[in-house]
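Participant: everything below, folded, please.
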Amino acid sequence: RWNFLDTLVLAVAGAIMFSAGLTEHAYTAISMFGDRAIEWILPYFLARIAFHSESARAKGLRGIAICLGIMACFGVIETRLWPYYLSRQLQTLNLFDGVNTMVYLRFGFFRAQLSFQHPIDLGNVALLLLGIIPLLALTTEIGMKKLYVRLAWAAALFLLVISISFTAYFGLAMMVAVFLVLRYCRWIRPYLVA
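Facilitator: Here you go, the predicted model:
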């Protein structure tokens, strides 16, 4: 069923399109809507549809686990051996167009970037996956006790750490704080939206 968040997603896209058309011209508005549709409107609605199927959630979890395993291997290489190894390899194949010339260092480590535009993006995606993995695992027959689920969750945490992004670290602290508050302060649960 249609819900408030569906309306909000389309309203934000419409506002971006309207603003682009107002400041430029109609083609810019259409172009902006096309970009938003491909970047987050269609993925949002496809994810909403897929979430209704337990088998789709289980397949999604397995796919995420495989991707995180591969990303973690490249993460080890990038944080200690060759910075931006993956993005530079992808760039030779014309599959990456971001900036990977200035190497970011923090705490004596290279900040891993993988195929993302910036190490912050890697940290933020890893943070999102830290929440998505338990959600997918606990809403299917898989559960959190399977070894590959635990390894995927550990790989997401590892990627968050090697991004060395304070944004992701703060997000992790907030995620843990919200989880603990909701778990141990039941009276606050009805006020979650606020």
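
Participant: scan this structure for its longest helix.
Facilitator: With secondary structure taken from DSSP state H, the chain has its longest helix at helix 54-76.

Participant: point out the other helices and strands that that one packs with.
Facilitator: Packed against helix 54-76, as judged by 3 or more CB pairs under 8 Å, 6 or more residues apart in numbering; DSSP states H and E, are the following elements: helix 42-50, helix 119-138, helix 147-162. No exception for glycine: its C-beta is placed from N, CA and C like everyone else's.

Participant: okay, the ones you listed in a markdown table with distance to residue 174 and mean pLDDT next?
Facilitator: Compiled in a markdown table, these are given as follows (distance: least, CB to CB, whole Å; pLDDT from 0 to 100):
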| stretch | distance to residue 174 | mean pLDDT |
| --- | --- | --- |
| helix 42-50 | 22 | 84 |
| helix 119-138 | 9 | 92 |
| helix 147-162 | 13 | 94 |
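
Participant: return the set of buried residues in stretch 106-123.
Facilitator: In terms of neighbour count (16 or more other CB atoms under 10 Å), stretch 106-123 has its buried residues at 110, 111, 112, 113, 114, 116, 118, 119, 120, 121, 122, 123.

Participant: ok, stretch 153-162 next?
Facilitator: Counting neighbours by 16+ other CB under 10 Å, one finds that the buried residues in stretch 153-162 are 153, 155, 156, 157, 158, 159, 160, 161, 162.

Participant: now the phi/psi pair for the residue of the chain most remote from its centre, please.
Facilitator: Farthest-out residue of the chain from its mean C-alpha position, per CA atoms, centre = their mean: residue 25, at 32.4 Å. When read as degrees, to the nearest 10, the backbone of residue 25 gives phi -150, psi -180.
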